[in-house]
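S.K.: With the sequence up front, the predicted model follows.
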Amino acid sequence: EKARQQAMNHPLARQQLISRDGKETLMLLEVDSQLTTTKQLSSLLATVNEVLDSSTEGTEVKATVTGFPTVRVELAKATIRDELTFNIAGPLVAVVIAFVIFRRTSSVIIVVGGSVVGVLWTFGLLGLFGEAINPVNAVVAPLALTIGLTDSVHMLMHIREDRAKGADRFHAVVSSIPSVGFPSALTSVTSAVGFVSLGIAELDVLARFGLCSAIAVVVAFVSVMTIVPLLASSPLGDHIQVAKKTLADDRRTERTKWHTHLVAFIVDHRVAMLIASFVATGAALYLGLQVQTDPRIANGLPSAGESRRDFLKIEDEFGGSLPLVTTVDWTADLEPTPEQVYAAIADAHQTLEGKSITGPPLSLVNLYRSMAEKDQNPKSLFQQVSKVPEKQRKIFYDGEACQALVVARCQDAGGHPIDDLLT
């Protein structure tokens, strides 16, 4: 128990390697810099987990692995799962929507075929350009599917109307291309330009998403304008549900009666509706101005992954999970004394100490406090530091470079609290 209390009170251990409640400890592992791919990191993590499982088997000790390699591997796996979900659930939903609208298998094939081919072409182009899939541009697939499905429905509706007027499938398709193609082309161009404008974003992942989305919009349009006419002019076009010319005007009116009532209500109460529109717009503008940017690392981690769970545990038990590094520099020409160098490091250490969103900082001050009282002087401290192996010593102190570091764990508290701490 005495040894436990000494460890809990040691400046180099308390909330550095041992948690606040003494039930968790951290073991730091350095990953070979040559292991750069997700596949290599995944293999390494599997090996480490096997060793941990075998070492803790039959005990009450539980060991987990976290850190950048774990986060990277879990993000890759989550992205793959999301892609499979999007690419399976998306077309299935498209089939259901198309069937509800047209209620004919041939119509569903025509509509869904054009949009699904657009998704395949989009992925083909991304592969041709060597674009890697990440958690952000993974949504390009449902985006391409949605745009393609919308254009496909518009085109098939026009084809049905022409067929109802007596045109054969070929002439109905030819008539639909200029009627639907030009408005759809304008819509696709404006959408693509909007997405391309994201290319000026400072975040590379957002800029790449904009370019990928622009490609998806254009490819979806080209796919619909080629695949839908091709399928509709085939024998499938003879089996689409054709709108009948015998539909009476009163039945059409019955179907659209609620639209008529809505428009009539708006026109009859136009002054009140105008005032309400201004009020709603003003309220939306006010609320929109209250929205603040508040990025948090935890929000970008897979919700069901171990990395998020361990990230939050470290956040709670060790005072924070994000490294916050303060650099102390001095000029060799000034030939500062050990006392002056230590005083500067201690000032930086004290700046981070006791803050609500940081854990206890780690620097040469911790080593100084761990020394016996009779040896606690800066000169003795730097003599002890000089005996530490160079690789480990330079993590916190580099006399030749005239630099020392003070490191603290910072909580994932969002941008504003951290900005307040830095300023």
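M.R.: All right, it came through fine.

S.K.: which helix is the longest one in this structure?
M.R.: helix 68-102 (DSSP state H).

S.K.: name the helices or strands packed onto it?
M.R.: helix 38-56, helix 105-128, helix 140-164, helix 306-317 (3 or more Cβ pairs under 8 Å, 6 or more residues apart in numbering; DSSP states H and E). C-beta: built from backbone N, CA, C; applies to glycine.

S.K.: Can you lay out the ones you listed as a markdown table showing distance to Ala7?
M.R.: Shown next, in a markdown table, are the helices and strands packed on helix 68-102 (distance: least, Cβ to Cβ, whole Å):
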| stretch | distance to Ala7 |
| --- | --- |
| helix 38-56 | 20 |
| helix 105-128 | 53 |
| helix 140-164 | 51 |
| helix 306-317 | 15 |
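
S.K.: winner for burial among these?
M.R.: helix 140-164 (a mean of 23; mean count of other Cβ atoms under 10 Å).

S.K.: For the chain, which element, helix or strand, carries the lowest mean pLDDT?
M.R.: helix 249-255 (a mean of 52; mean pLDDT, DSSP states H and E).

S.K.: So which bits of whichever helix or strand comes after that one are buried?
M.R.: With elements assigned by DSSP states H and E, the helix or strand that comes after helix 249-255 is helix 257-268. By 16 or more other Cβ atoms under 10 Å, helix 257-268 has no buried positions at all.

S.K.: Use 801 as the first number from now on
M.R.: Will do, 801 is the new start, and the previous item becomes helix 1057-1068.

S.K.: Next, report how far helix 1057-1068 is displaced from the centre of its chain.
M.R.: From the chain centre to the centre of helix 1057-1068 is a distance of 43 Å (Cα atoms, centre = their mean, to the nearest Å).

S.K.: so for it, what's the average pLDDT?
M.R.: Summarised as a single mean, pLDDT over helix 1057-1068 is 80.

S.K.: before we move on, back to that, mean pLDDT for the helices and strands packed on helix 868-902: which is lowest?
M.R.: Minimum mean pLDDT among the helices and strands packed on helix 868-902: helix 1106-1117, a mean of 85.

S.K.: Excluding its own residues, what touches it? List them.
M.R.: The contact list for helix 1106-1117 (Cβ atoms under 8 Å, 6 or more residues apart in numbering) reads 815, 819-821, 823-824, 826, 864-866, 870-871, 874, 1097-1098, 1101-1102, 1120-1121, 1209, 1211-1212.

S.K.: Same check on stretch 1067-1083?
M.R.: Ile1066.

S.K.: So which bits of that stretch are buried?
M.R.: So, applying 16+ other Cβ under 10 Å, stretch 1067-1083 has no buried residues.

S.K.: re the thing from before, closest one to Val973 among the helices and strands packed on helix 868-902?
M.R.: Closest approach to Val973 among those is made by helix 940-964 (6.1 Å; Cβ to Cβ).

S.K.: Let me know the next secondary structure element after that closest one.
M.R.: helix 969-996.

S.K.: to the chain's geometric centre, what's the distance from that following helix?
M.R.: Using Cα atoms, centre = their mean, the offset of helix 969-996 from its chain centre is 32 Å.

S.K.: With stretch 841-850 instead?
M.R.: 25 Å.

S.K.: Repeat that for stretch 812-832.
M.R.: With Cα atoms, centre = their mean, you get 29 Å for stretch 812-832.

S.K.: mean confidence score for that stretch?
M.R.: Here the average pLDDT along stretch 812-832 is 83.

S.K.: So which bits of stretch 1170-1185 are buried?
M.R.: Pro1178, Leu1181, Phe1182, Val1185.

S.K.: Reformat the residues you listed as CSV; add distance to Cys1012, secondary structure and pLDDT.
M.R.: Listed next are those as CSV, based on distance: Cβ to Cβ, whole Å; DSSP: H, G, I helix; E, B strand; the rest coil; pLDDT from 0 to 100:
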residue, distance to Cys1012, secondary structure, pLDDT
Pro1178, 56, helix, 87
Leu1181, 54, helix, 87
Phe1182, 54, helix, 88
Val1185, 50, helix, 87
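
S.K.: Please identify which of the residues you listed is nearest to Ser843.
M.R.: Looking across the buried residues of stretch 1170-1185 and measuring by Cβ to Cβ, the closest to Ser843 is Val1185, at 37.6 Å.

S.K.: Fine, thanks again, bye for now.
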